[in-house]
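Undergrad: take a look and give me a structure for this.
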Amino acid sequence: MPAGIRKSDRIRHRREYERVREMGRRFRTERFLVNYQRVSGDRTRLGVIVSSKMKKASDRNRAKRLMREFFRLNRAQIKEWFKGFAKENDSGLEIVLVAYPGAEAMSYAEVEQELRAGFEKEARMQERLRLGEE
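TA: The predicted structure is shown next:
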């Protein structure tokens, strides 16, 4: 596995971002909004957006780097959390992370803690919903 995120693992086009936002689910943490959607196939992809309320380009770039690093290091774990409620052919996942002001001042450990807690909470909630429907 390469150290970075391959081009094929990134959401790159506006229509893809819009599709995840409109068709997917979302949850919020203190400094991040996470939109995600189950997709067919086995690929997990990431899109990154930073709020325009972060005025300095260096702050926006730092926030993007932190989110990409979280995804790179935790991709397998994220996929595992959402595996339990995937439909038969929908084991892929598309994630759009949106950073809000304050994210640029966080350390990587703080970003990881906040996003992990959010993903774990969402996965537990989805599992409860799935079990309630059956």
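
Undergrad: same question for the strand or helix carrying Glu110, mean pLDDT?
TA: For Glu110, the enclosing helix or strand under DSSP states H and E is helix 108-133. Taken as a whole, helix 108-133 has an average pLDDT of 89.

Undergrad: correct me, but Met54 touches Val98?
TA: No. The criterion here is CB atoms under 8 Å, and Met54 misses it with Val98 at 11.4 Å. To be clear about C-beta, it is placed using only N, CA and C from the backbone, and glycine gets the same treatment.

Undergrad: returning to what we had before: may I see the buried residues of the helix holding Glu110?
TA: Residues of helix 108-133 classed as buried: Val111, Glu112, Glu114, Leu115, Arg116, Gly118, Phe119, Glu122, Ala123, Gln126 (neighbour count, 16 or more other CB atoms under 10 Å).

Undergrad: what distance do you get for the second one to Glu120?
TA: Right, the one you point to is Glu112. 12 Å (CB to CB, to the nearest Å).

Undergrad: who's in contact with the helix or strand containing Val34?
TA: For Val34, the element it lies in under DSSP H and E is strand 32-39. Strand 32-39 has contacts (CB atoms under 8 Å, 6 or more residues apart in numbering) with 19-21, 23-28, 67, 82, 86-87, 90-100, 103, 114-115, 118-119, 122.

Undergrad: which non-adjacent residue is nearest the most centrally placed residue in the chain?
TA: Against the mean C-alpha coordinate of the chain, by CA atoms, centre = their mean, the closest residue is Ile95 at 3.9 Å. In space, Ile95 comes closest to Tyr36 once its chain neighbours are excluded; the distance is 4.8 Å by CB to CB, 6 or more residues apart in numbering.
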